[in-house]
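Engineer: any chance you can model this:
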Amino acid sequence: MNAEEAVRACEFWTTSPAGNQAYGTTLNPQVGAFFGGDEYQPERWTQPHRRGWAISIPRYTPAVDQDTRTENPLYQLVVAEIDRRKG
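Structural biologist: Down below sits the predicted model:
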């Protein structure tokens, strides 16, 4: 699975109000593992076998100072996917 396939396979995407994070959720374990998501149980008591993954992608890659930071390509893919789903 490549980055574009993983972004499209994720069921939900949004960005933070400040525009510095992208957040997603998925029930697909491959997508959750691809993004290194945090596993959770949305229905812990009624369906304990059901699992989900929460995904967080920063807009900028970590840098020593503000002049060397660059925009995360995964964040760009997520924003493009959000726009595609709106249209």
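Engineer: which phi and psi does Ile57 have?
Structural biologist: phi -130, psi 120 (degrees, to the nearest 10).
Engineer: wouldn't it be in contact with Asn20 here?
Structural biologist: No - the pair Ile57 / Asn20 is not scored as a contact, 10.3 Å apart, by CB atoms under 8 Å. C-betas here are computed from N, CA, C, even on glycine.
Engineer: strand partners of the lowest-mean-pLDDT helix or strand in the chain, parallel vs antiparallel please.
Structural biologist: Lowest mean confidence among the helices and strands of the chain (mean pLDDT, DSSP states H and E): strand 38-40, at a mean of 91. Here strand 38-40 is paired, per DSSP bridges, with strand 52-58 (antiparallel).
Engineer: which SSE is immediately downstream of the strand it pairs with?
Structural biologist: Following strand 52-58 in sequence order, the next helix or strand is helix 73-86 (DSSP states H and E).
Engineer: could you check how many residues crowd around Pro29?
Structural biologist: Neighbour count for Pro29, taken as other CB atoms under 10 Å: 13.
Engineer: for it, give me its contacts.
Structural biologist: Pro29 makes contacts with Arg51, Trp53, as judged by CB atoms under 8 Å, 6 or more residues apart in numbering.
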